[in-house]
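Enquirer: Model the following, please.
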Amino acid sequence: MGQDYTNLCPGWCFTHNNSCHNNGRIVVGWWPGSYQVNIRLMNSQFIHCEIKPTQGVSEFNCTFVYGFNDQMSRGELWKGLRMIASNCRGPWVVMGDFNALSSVEDRIGAAVRVGEIAPMLSCINDYGLADIKATERHFTWNNKQDGLARVYSRIDRGLATTSWMETFELAEVVFLPEGNFDYAPALLSFYPEIQQKQPFRFCNYWCNYLETLEAIQKAWRLNVDGSLMFRVVEKIKEVKKELRALKLKGFEDVECTELRTRAELESIHHELYANPSDASISSREKEAREKHRNAQRNLNAMLQQRAKITWLKCGDENTKGFYQAI
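Expert: Below is the predicted model of the structure:
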């Protein structure tokens, strides 16, 4: 496979379909400590394999697809999938870029002909497949054109048999941001992490911002009926709500701000040493020094809260030993 793959993923195993196509259109990689993979069949548009996890569930069948762009050439893909379906025993998942549509809703910006839909629909219906739950985006490809010339299509998907979905009940396909490419990468997650609600944490350096005080004052002016303790509790809840909203608007990154203000101050110092009599530079130096001092104070407050070390109260100079202690 070459040094690129071994350097990127040391210890991984790889296979490809170079023997079926000059450009080697599909590469499959796996970590041998987690999966045993047996390649059963391949052609220029798919690699079919049996996958056995080293722990947990039993083995299943998986087919990685990259269909040709033109409809006539994809005939070999449908023929191969039909052969796999007739001989496949056990759970089966098929995923990749089919370069084919299954409904008129799978494309906007250009007409969809019935002949384009029929092969994909037959694949899904005849082979007992269904779409795996997908998140993030419906359309997975676009032509990157401007204005009305832009075309969006859903040509990438994850399909599976009922037995596979019953084995992996929480499985989902996440289509990631496309970046500079024309397609959205797909990530099939067997065991998606359940997002837990993060507890609210107040950062001490927020006290250095005027917006924090204004948010607290706004919440505390809320009129609440009831006993004294009830009113206090309700106002504290409102304060937390206002601070959450303020946090979403965004506090600055204190570490980046400290580095930026320090660089600005050093740059002005060089100018000042070159022109010591320039009053405008002196004024800029005073403003930059104040900004850097505030940035240092915010950074120290954040680090002190994070570390919870008593000697930080004395104000360390952020030495190497200081960061090692954190």
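
Enquirer: C-alpha from now on. contacts and neighbour counts both.
Expert: Will do.

Enquirer: quick one: residue 49 from residue 128, how far?
Expert: 18 Å (Cα to Cα, to the nearest Å).

Enquirer: who's more crowded, those two?
Expert: residue 49 (19 against 14; other Cα atoms under 10 Å).

Enquirer: So what's the residue count around the residue nearest to the more buried one when sequence neighbours are not counted?
Expert: Spatial nearest neighbour of residue 49, excluding adjacent residues (Cα to Cα, 6 or more residues apart in numbering): residue 39 at 4.3 Å. Neighbourhood size, residue 39 [other Cα under 10 Å]: 15.

Enquirer: Surely residue 39 is in a strand?
Expert: Yes. Checked against DSSP: H, G, I helix; E, B strand; the rest coil, residue 39 lies within a strand.

Enquirer: That one contacts residue 61, doesn't it?
Expert: No. Using Cα atoms under 8 Å, residue 39 is not in contact with residue 61, being 10.0 Å away.

Enquirer: tell me, what's touching the two both at once?
Expert: Counting by Cα atoms under 8 Å, 6 or more residues apart in numbering, the contacts common to residue 39 and residue 61 are 48-50.

Enquirer: Could you list which of those residues belong to strands?
Expert: Per DSSP state E, strands hold the following members of the shared contacts of residue 39 and residue 61: 48-50.

Enquirer: And the lowest mean pLDDT element among the helices and strands of the chain?
Expert: None of the helices or strands of the chain scores lower by mean pLDDT, DSSP states H and E than helix 320-325, at a mean of 54.

Enquirer: Which stretches in the stretch 101-250 of the chain count as strands?
Expert: Using DSSP state E, counting those that start in this stretch, the strands assigned to the stretch 101-250 of the chain run over residues 107-108, 130-131, 134-135, 141-142, 152-153, 156-160, 172-175, 186-189.

Enquirer: right, so those: which one is the most enclosed?
Expert: When those are scored by mean count of other Cα atoms under 10 Å, the highest mean neighbour count falls to strand 156-160 (a mean of 24).

Enquirer: packing partners for it?
Expert: strand 92-97, strand 130-131, strand 186-189 (3 or more Cα pairs under 8 Å, 6 or more residues apart in numbering; DSSP states H and E).

Enquirer: go again using 6 Å as the cut-off
Expert: Strand 156-160 makes packing contacts with strand 92-97, strand 130-131 when contacts are defined by 3 or more Cα pairs under 6 Å, 6 or more residues apart in numbering; DSSP states H and E.

Enquirer: Would you mind listing the buried residues in stretch 96-106?
Expert: The neighbour-count check on stretch 96-106 (16 or more other Cα atoms under 10 Å) flags 96-103, 106 as buried.

Enquirer: quick one: low-confidence ranges for the stretch 51-200 of the chain?
Expert: Scanning the stretch 51-200 of the chain for pLDDT under 70 picks out the ranges 179-180, 191-198.

Enquirer: ok so, going back, take the shared contacts of residue 39 and residue 61 and write them to JSON lines, including pLDDT.
Expert: Formatted as JSON lines, those follow (pLDDT from 0 to 100):
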{"residue": "48", "pLDDT": "93"}
{"residue": "49", "pLDDT": "93"}
{"residue": "50", "pLDDT": "92"}
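
Enquirer: Make CSV out of these and add distance to residue 66.
Expert: Output for the shared contacts of residue 39 and residue 61, formatted as CSV (distance: Cα to Cα, whole Å):
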residue, distance to residue 66
48, 12
49, 15
50, 18
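
Enquirer: closest to residue 190 among the residues you listed?
Expert: residue 50 (16.0 Å; Cα to Cα).

Enquirer: Run a quick neighbour tally on the closest one.
Expert: 20.

Enquirer: Could you find the closest non-adjacent residue to it?
Expert: Distances taken as Cα to Cα, 6+ apart place residue 61 nearest to residue 50, at 4.6 Å, with adjacent residues excluded.

Enquirer: Whichever strand or helix holds the one you found versus strand 92-97: what angle between them?
Expert: Element membership of residue 61, judged by DSSP states H and E, is strand 60-66. Put simply, strand 60-66 runs at 20 degrees to strand 92-97, going by axes from the mean of the first three to the mean of the last three Cα atoms, to 10 degrees.
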